[in-house]
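J.: Build the 3D model from these lines:
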Amino acid sequence: MKREAVGVNVPALRSHNAALVLDLLRTAGETGISRLELAERTGLTPQAVSKITARLRAEGLATEAGHRASTGGKPRTVLRLVPSAAYAVGVHLDRDELTALLTDLAGAVVALRRRPVDLGAGAGPVLDAVTEEVRALLGEVPSAGPVLGVGLAMPGPLDHRAGVPGRVTGFPEWAGHPVRDELAARLGLPVVLDKDTNAAALGLALRPAAPGSFAYVHLGTGLGAGLVLGGAPLRGDRTGAGELGHQTVQLDGPPCGCGGRGCLEVLCLAAVARGELPEAARILGTGAANLVRLLDIDQVLLGGRVVLAAPSVFAEGVRGVLTGLGLTAPVGLATGRDAVAEGAAWLTLAPVFGKQAEV
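T.: I've put the predicted structure just below:
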């Protein structure tokens with residue numbers, strides 16, 4: 001089950017309580033939410049909510065959105081988030097393509113740039129390209145408000161806390177490069193680095209009515225998973241969770257770029273290369289079934305360019321494997337080509353709403 005956020009009436013936790021209120025304003029959307037509803041949903045006193053909302057309005061983060069009929073007394077004033085109060089950049093650095101986008105505070109995309117890139121060219125030239133695209137992106141929207149930072153999502157494994165890639169499958173030269181700190185120095189903005197699948201999963205987890213526990217299974221230039229348990233991303237103690245593509249499913253199978261043999265990724269991508277998409281979907285379903293059985297998750301969401309090029313084939317194929325094994329977790333599609341880049345922006349936005357916790 002998804003954990004409910006609960007407020008605490010302690011002065012030292014004012015910023016925490018403000019984040020709870022902001023998140024409720026975000027999820028309420030354009031229709032807004034009243035102060036009384038905010039108090040009921042957070043467990044804060046009406047007086048505390050009034051002080052917090054007054055401060056948020058003064059800071060330009062919240063505004064009135066009309067009135068709502070009351071069951072007694074005067075109509076309730078409704079408040080909503082001001083999306084233009086701040087912005088964030090999300091970057092998806094794939095093995096062969098770079099996508100950079102700018103979102104407002106609510107996560108809506110307001111500008112996007114895309115260009116080919118070769119991850120094998122090395123950190124220097126690739127980070128040059130990232131720097132150029134982010135600067136160009138910000139130049140396209142000169143009227144944008146404060147930019148909170150940049151979220152960069154790339155293939156793993158990597159150390160999310162240190163901001164350093166590990167031995168990226170097929171590109172070991174990236175191992176140990178201080179990507180986060182170097183990019184922050186280049187751009188003069190805070191930078192957060194995470195795996196592509198983790199970023200996408202975070203963005204999906206913050207959507208209204210998102211399941212409390214799910215796996216985002218991504219098949220594109222590689223294969224991996226972003227895991228969400230209890231509404232929070234699961235990265236692991238060494239931030240290496242979700243390396244689904246490197247499960248061994250065929251002993252003494254074909255060699256994989258990770259150094260292993262018979263990995264799910266090498267088998268699945270080989271089937272894709274042969275044009276055998278139903279077989280690729282069956283292999284992907286085997287990995288998804290392993291996740292469901294290990295973690296007892298509520299849902300499997302499929303994404304990535306290969307899946308989105310043939311969504312029905314993959315959804316039906318994965319669903320068929322799970323059903324055949326008696327597993328009831330529903331299979332859905334994370335529609336949208338830029339789920340990773342949008343999720344990368346949420347790496348920066350999420351803390352504003354008190355949502356960057358992990359398990």
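
J.: only C-alpha atoms for contact and neighbour calcs from this point on.
T.: Fine.

J.: Low-confidence ranges, this structure, go.
T.: For the chain, applying pLDDT under 70 flags the ranges 1-14, 69-73, 356-359.

J.: now with 50?
T.: Screening the chain residue by residue with the criterion pLDDT under 50, one finds the ranges 1-13.

J.: For it, which segments are assigned as helices?
T.: For the chain, the helices defined by DSSP state H cover 14-28, 35-42, 46-58, 123-140, 179-187, 196-205, 264-273, 277-295, 305-309, 311-324, 339-349.

J.: which outside residues touch the longest one?
T.: This means helix 277-295. Residues from elsewhere that reach helix 277-295, judged by C-alpha atoms under 8 Å, 6 or more residues apart in numbering: 215, 217, 244-245, 247, 264, 267-269, 271-272, 297, 300, 313-315, 317-322, 327, 329.

J.: residues of it that come out buried?
T.: Under the neighbour-count criterion of 16 or more other C-alpha atoms under 10 Å, helix 277-295 has 277-289, 291-292 buried.

J.: Just want the angle from that helix to helix 311-324.
T.: Interaxial angle of helix 277-295 relative to helix 311-324 (axes from the mean of the first three to the mean of the last three C-alpha atoms, to 10 degrees): 50 degrees.

J.: Check the buried residues of helix 277-295 and tell me the two furthest apart.
T.: Within those, 277 and 292 form the most distant pair, 22.0 Å apart (C-alpha to C-alpha).

J.: For residue 233, which of the helices of the chain is the nearest?
T.: Of all the helices of the chain, it is helix 196-205 that lies closest to residue 233, at 6.3 Å by C-alpha to C-alpha.

J.: Any chance you could list what contacts that closest one?
T.: 92, 153-156, 210-212, 215-218, 224-228, 231-233, 235, 242, 334, 339-344, 346-347.

J.: List only buried entries from these.
T.: Buried by 16+ other C-alpha under 10 Å: 92, 153-156, 211-212, 215-218, 224-228, 231-233, 235, 242, 334, 339-344, 346-347, out of the contacts of helix 196-205.

J.: Filter the contacts of helix 196-205 down to the ones in strands?
T.: Among these, the residues falling in strands (DSSP state E) are 92, 153-154, 215-218, 224-228, 232-233.

J.: Return the closest of these with respect to residue 173.
T.: Compare each of the ones in strands among the contacts of helix 196-205 with residue 173 using C-alpha to C-alpha and the shortest gap goes to residue 154, at 14.1 Å.

J.: Could you pull up the residues touching the closest one?
T.: 92-94, 193-196.

J.: One more pass at 6 Å, please.
T.: 93-94, 195-196 (C-alpha atoms under 6 Å, 6 or more residues apart in numbering).

J.: Same check on residue 263?
T.: Counting by C-alpha under 6 Å, 6+ apart, residue 263 touches 246-249.

J.: same thing but 10 Å
T.: If a contact means C-alpha atoms under 10 Å, 6 or more residues apart in numbering, then residue 263 has 244-257 as its contacts.

J.: Name the nearest residue to it, ignoring sequence neighbours.
T.: residue 248 (4.4 Å; C-alpha to C-alpha, 6 or more residues apart in numbering).

J.: Ok, residue 177 next?
T.: Ranked by C-alpha to C-alpha, 6+ apart and with sequence neighbours excluded, the top spatial neighbour of residue 177 is residue 164, at 5.8 Å.

J.: What residues are recorded as beta-bridge partners of the one you found?
T.: Residue 164 forms beta bridges with residue 159, as assigned by DSSP bridges.

J.: Count the residues that sit near it.
T.: Residues lying near residue 164 (other C-alpha atoms under 10 Å) number 20.

J.: quick check, nearest of the ones in strands among the contacts of helix 196-205 to residue 16?
T.: Of all the ones in strands among the contacts of helix 196-205, the one sitting nearest residue 16 is residue 232; the distance, using C-alpha to C-alpha, is 16.6 Å.

J.: Surely residue 269 is in contact with residue 220?
T.: Yes: under the criterion of C-alpha atoms under 10 Å, residue 269 is in contact with residue 220, at a separation of 8.6 Å.

J.: returning to that earlier point: between the contacts of residue 263, which is closest to residue 177?
T.: Using C-alpha to C-alpha, residue 257 is the member of those that sits closest to residue 177, with 19.4 Å.

J.: wait, what's in contact with that closest one?
T.: Counting by C-alpha under 10 Å, 6+ apart, the residues that residue 257 touches are 168-172, 246, 263, 265-266.

J.: Check residue 18 too.
T.: Counting by C-alpha under 10 Å, 6+ apart, the residues that residue 18 touches are 7, 24, 48-49, 51-53, 55-56, 352-354.

J.: Repeat the analysis, applying 6 Å as the threshold.
T.: Neighbour list for residue 18: residue 52 [criterion: C-alpha under 6 Å, 6+ apart].

J.: what's the distance between it and residue 160?
T.: According to C-alpha to C-alpha, to the nearest Å, residue 18 and residue 160 sit 26 Å apart.

J.: Equivalent analysis for residue 90, please.
T.: Residue 90 sits 16 Å away from residue 160 when distances are taken as C-alpha to C-alpha.

J.: The two: which is more packed in?
T.: Neighbours of residue 90 and residue 160, each counted by other C-alpha under 10 Å, are more numerous for residue 90; the result is 32 against 20.

J.: Might you report the residue contacts of the nearest residue to the more buried one once chain neighbours are set aside?
T.: Residue nearest to residue 90 in three dimensions, not counting chain neighbours: residue 345, with 3.8 Å by C-alpha to C-alpha, 6+ apart. With contacts defined as C-alpha under 6 Å, 6+ apart, residue 345 is in contact with 88-90, 151.
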